[in-house]
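Asker: Task: produce atomic coordinates for the following.
(one chain, ligands or ions: 2)
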Amino acid sequence: MKDKRIIIFDTTLRDGEQCPGASMNLREKLEVARQLARLKVDVIEAGFPVISDGDFEAVHTIAKEIKGPVICGLARCVTKDIDAAGAALKPAGKKGRIHVFLATSKIHREFKLGKAQDEIIRLAVEGVKRAKSYVQDVEFSPEDGSRTEPEFLVQVCKAVVAAGATTVNIPDTVGWAVPEQYGALIQRLHDEVPEFRSGKAIISVHCHNDLGLAVANSLAAVRAGARQVECTLNGIGERAGNAALEEISMAIKTRSDFFGGVTCGVNTREILKSSRLVSRMSGLVVQRSKAIVGENAFAHSSGIHQDGILKKRETYEIMDPKEVGWGGTELPLTKHSGRAAVASRLKHLGFKMNEADVQAIFARFKEIGDKKKFVYDDDLAALVEGQITEV
Ligand code: KIV
Ligand code: ZN
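Answerer: Ligands and ions are numbered 1, 2, ... in the order given. Predicted coordinates:
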């Protein structure tokens with residue numbers, strides 16, 4: 001695979017916003033879009049213009065105001081959707097992309113659409129051609145792609161690429177795939193569609209997290225030749241969400257060796273700020289133990305780990321917290337902490353103590369630790385100053 005640059009397609013403002021309770025108004029969407037541009041994502045999927053006047057307005061305004069990333073709008077393979085997307089994206093000019101989708105799996109064909117395979121191909125091709133009359137940059141998604149018969153999926157990919165799609169996204173719409181299988185599917189498409197091999201069109205992936213495998217599936221696909229990953233900040237999205245942008249970009253950066261030397265253009269120092277903004281704007285709280293952006297992501301609690309960190313940070317950290325926007329490593333004091341961390345904190349607080357004093361304070365520290373979740377600086381100071389006489 002020649003091209004080593006992974007395109008980061010952020011869909012926080014479209015699939016992310018589909019997370020129940022996460023709807024954002026125009027001002028909120030615009031603020032997130034500005035931050036996504038600072039984060040240097042390659043593509044912003046700004047919304048689904050046909051679904052409401054508000055979403056149309058949001059895509060239109062983002063297309064007008066945000067410079068840098070490609071701005072994308074979603075549409076079904078339906079004339080009124082594609083026309084709405086084309087109109088909303090007009091201000092983006094050459095930086096506009098229409099993303100058309102149509103379900104291809106047997107279960108969706110039979111129960112949702114009531115259409116045969118040849119009809120699906122015809123509608124997909126028509127949709128791509130109509131989108132192409134508005135923009136050069138057209139993406140097609142066979143919805144529920146991971147559960148579609150692979151032979152049929154190959155046919156769909158060939159047909160939409162011949163109709164002008166420059167990106168074909170293979171969604172794991174219901175989060176059903178597992179990494180080895182999904183990677184093998186992407187590899188098969190890569191091998192059987194000549195335009196994917198030549199680089200004339202690229203394979204994208206869009207994984208949902210119903211089994212907690214969205215990031216693992218996306219990365220397996222990257223190893224198999226996918227060159228665009230669709231993801232959202234904090235992993236928000238329909239149901240259990242989408243692959244988390246912060247995890248995808250840091251996995252690529254930290255383990256590029258394993259992924260054949262691929263890179264992405266994300267300005268990782270903006271990750272934490274972006275995550276917090278999305279949390280505020282969407283009203284969705286980030287869990288403490290969330291990778292990269294959770295409060296505990298770089299906080300070490302056990303005495304053994306704290307001691308290792310104090311000797312050399314890399315003993316227990318594979319990423320530098322500053323690289324993703326944190327101030328640094330955290331060593332919160334809890335009953336799990338060891339003497340080294342307590343001594344280091346006392347020194348940091350300006351207390352000059354000999355070994356015996358530290359040992360005495362440490363014994364009292366453990367008593368306090370057994371009674372509360374954290375031992376704070378004020379607790380330590382009170383211990384040293386003899387204000388706590390009984391625990
Ligand atoms: O999950 C999905 O299939 C989608 C498509 C619209 C790409 O979000
Ligand atoms: Zn989705």
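Asker: Grab the nearest non-local neighbour of whichever residue of the stretch 251-391 of the chain sits closest to ligand 1.
Answerer: Nearest to ligand 1, among the residues of the stretch 251-391 of the chain, is Ser282, at 16.8 Å (Cβ to the nearest ligand atom). Placement of C-beta: from N, CA and C, glycine included. Distances taken as Cβ to Cβ, 6 or more residues apart in numbering place Ala22 nearest to Ser282, at 4.0 Å, with adjacent residues excluded.
Asker: Against ligand 1, how distant is the one you found?
Answerer: Distance of Ala22 to ligand 1, computed by Cβ to the nearest ligand atom, to the nearest Å: 14 Å.
Asker: For the residue nearest to Ala340 when sequence neighbours are not counted, pull up the helix or strand it's in.
Answerer: In this structure, Ala340 finds its nearest non-sequential neighbour in Asp307, 4.3 Å apart by Cβ to Cβ, 6+ apart. If you go by DSSP states H and E, Asp307 is part of helix 303-311.
Asker: For Cys384, grab the count of nearby residues.
Answerer: Quick fix: residue 384 reads Val, not Cys. Val384: 18 surrounding residues under other Cβ atoms under 10 Å.
Asker: Also Pro321?
Answerer: 18.
Asker: Could you pull up phi and psi at it?
Answerer: Main-chain torsions, Pro321, degrees, to the nearest 10: phi -60, psi -30.
Asker: show me what contacts it?
Answerer: For Pro321, the contacting residues are 297-298, 327-329, by Cβ atoms under 8 Å, 6 or more residues apart in numbering.
Asker: Buried ones from those, can you make that a PyMOL selection?
Answerer: Buried members of those, defined by 16 or more other Cβ atoms under 10 Å, are picked up in PyMOL with:
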select buried, resi 297+298+329
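Asker: So which of the contacts of Pro321 sit within strands?
Answerer: Per DSSP state E, strands hold no members of the contacts of Pro321.
Asker: Ile304 contacts Gly338, correct?
Answerer: Yes: using Cβ atoms under 8 Å, Ile304 is in contact with Gly338, at 6.9 Å.
Asker: what does the stretch 51-200 of the chain have sitting close to ligand 1?
Answerer: 101, 141, 143, 169, 171, 173 (Cβ under 6 Å from any ligand atom).
Asker: okay, the residues you listed in a markdown table with neighbour count next?
Answerer: Formatted as a markdown table, these follow (neighbours: other Cβ atoms under 10 Å):
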| residue | neighbour count |
| --- | --- |
| Phe101 | 23 |
| Ser141 | 25 |
| Glu143 | 20 |
| Asn169 | 23 |
| Pro171 | 26 |
| Thr173 | 24 |
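Asker: residues touching the closest residue to Phe258 other than its chain neighbours, list them.
Answerer: Counting by Cβ to Cβ, 6+ apart, the nearest residue to Phe258 once its immediate chain neighbours are dropped is Arg223, at 7.8 Å. Arg223 is in contact with 183, 258-260, counting by Cβ under 8 Å, 6+ apart.
Asker: buried set for stretch 271-288?
Answerer: Using 16+ other Cβ under 10 Å as the test for burial, stretch 271-288 gives 271-272, 274-279, 281-282, 284, 286.
Asker: among the residues you listed, which are in helices?
Answerer: 271-272, 274-279, 281-282 (DSSP state H).
Asker: hang on, the earlier thing: quick check on the residue nearest to Ser282: phi, psi?
Answerer: phi -100, psi 10.
Asker: Can you tell me how far it is from Leu13?
Answerer: Separation of Ala22 from Leu13 (Cβ to Cβ, to the nearest Å) stands at 10 Å.
Asker: residues near the nearest residue to Thr104 once chain neighbours are set aside, how many?
Answerer: Here the nearest residue to Thr104 in space, its sequence neighbours aside, is Pro142; by Cβ to Cβ, 6+ apart that works out to 3.8 Å. Neighbours of Pro142 under the rule other Cβ under 10 Å: 25.
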